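**Student:** what follows is a protein structure lacking sequence information:
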């Protein structure tokens, strides 16, 4: 009889291979976000507030028995533009424009707040190097080199609530969460804005995150702005006619019998 077939050897099962543990993703030192990416200006716009919020990987603010933790600094501004500051002089009983200084790079809006006043977070050299704070804005002028013009510009912007440096700390929750409300007045300019959120540790800026939002007119306000920009003559004539009509209506309503 033929020999019986010999069964082929069955290979031993391969030993299971364990995947190497994935490297833990490092936690970012700073995470921040805005409440909205667009601010709409309508005919009834009276100003608004922009909420900036976020978290850090370490404790922020004063810590009981452990000194002071990290600090958070927030700066919001738009693209700088040239601006002229003029001094009024009186001639023959009339006030007219006198000498002027032209500033080449002036932000329309500059808002700054933090967990502490800026002078307590950063040294004078650090503030000057990074151009942080109203006193360190690069306000270089041509024409008359008089410090009073720079001071007048600062005063005008602060009185209009367009430049603002808060001494009150932003809100801290849970020692790692922060939030701040940045006021935008009714006279805020349209365009793109940049918000820088900085993490300050031991007097140095350790981390930085840049956010952005846009301010634009919508509805009737946008239509009026378009007419004023594209057809200034038509816009001027309409304004004169409306003013004349309002005066005529006032005289009719308050006319004595």
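**Tutor:** Ah, there it is. Just so you know, these numbers come straight off a predicted model, no measurement behind them.
**Student:** and stretch 80-98, average pLDDT?
**Tutor:** What stretch 80-98 shows for mean pLDDT is 86.
**Student:** same thing with stretch 157-176?
**Tutor:** Mean pLDDT, stretch 157-176: 88.
**Student:** kindly report the same for stretch 198-210.
**Tutor:** 91.
**Student:** quick one: residues in contact with it.
**Tutor:** Stretch 198-210 has contacts (Cβ atoms under 8 Å, 6 or more residues apart in numbering) with 28-32, 54, 56, 58, 70-75, 114, 121-123, 126, 130, 194-197. Just so you know, the C-beta spots here come from the backbone N, C-alpha and C atoms, and that holds for glycine as well.
**Student:** same thing with stretch 140-151?
**Tutor:** Here stretch 140-151 has contacts from 85, 87, 99-105, 139, using Cβ under 8 Å, 6+ apart.
**Student:** dump those residues into CSV; add neighbour count and secondary structure as well.
**Tutor:** CSV is the format used below for the contacts of stretch 140-151 (neighbours: other Cβ atoms under 10 Å; DSSP: H, G, I helix; E, B strand; the rest coil):
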residue, neighbour count, secondary structure
85, 22, strand
87, 14, strand
99, 12, strand
100, 14, strand
101, 21, strand
102, 16, strand
103, 21, strand
104, 13, strand
105, 14, strand
139, 20, coil
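**Student:** tell me, what residue is most central in the chain?
**Tutor:** Nearest to the mean C-alpha position of the chain, by Cα atoms, centre = their mean, lies residue 76 at 2.1 Å.
**Student:** I'd say it and residue 194 touch.
**Tutor:** Yes - if you go by Cβ atoms under 8 Å, residue 76 and residue 194 touch, sitting 7.1 Å apart.
**Student:** give me the distance between residue 60 and residue 116.
**Tutor:** Distance of residue 60 to residue 116, given as Cβ to Cβ, to the nearest Å: 10 Å.
**Student:** the two: which is more packed in?
**Tutor:** More crowded of residue 60 and residue 116, by other Cβ atoms under 10 Å: residue 60, with 25 against 19.
**Student:** look up how far residue 122 lies from residue 90.
**Tutor:** With distances taken as Cβ to Cβ, residue 90 is found 44 Å from residue 122.
**Student:** separation between residue 120 and residue 163?
**Tutor:** Counting by Cβ to Cβ, the gap from residue 120 to residue 163 is 20 Å.
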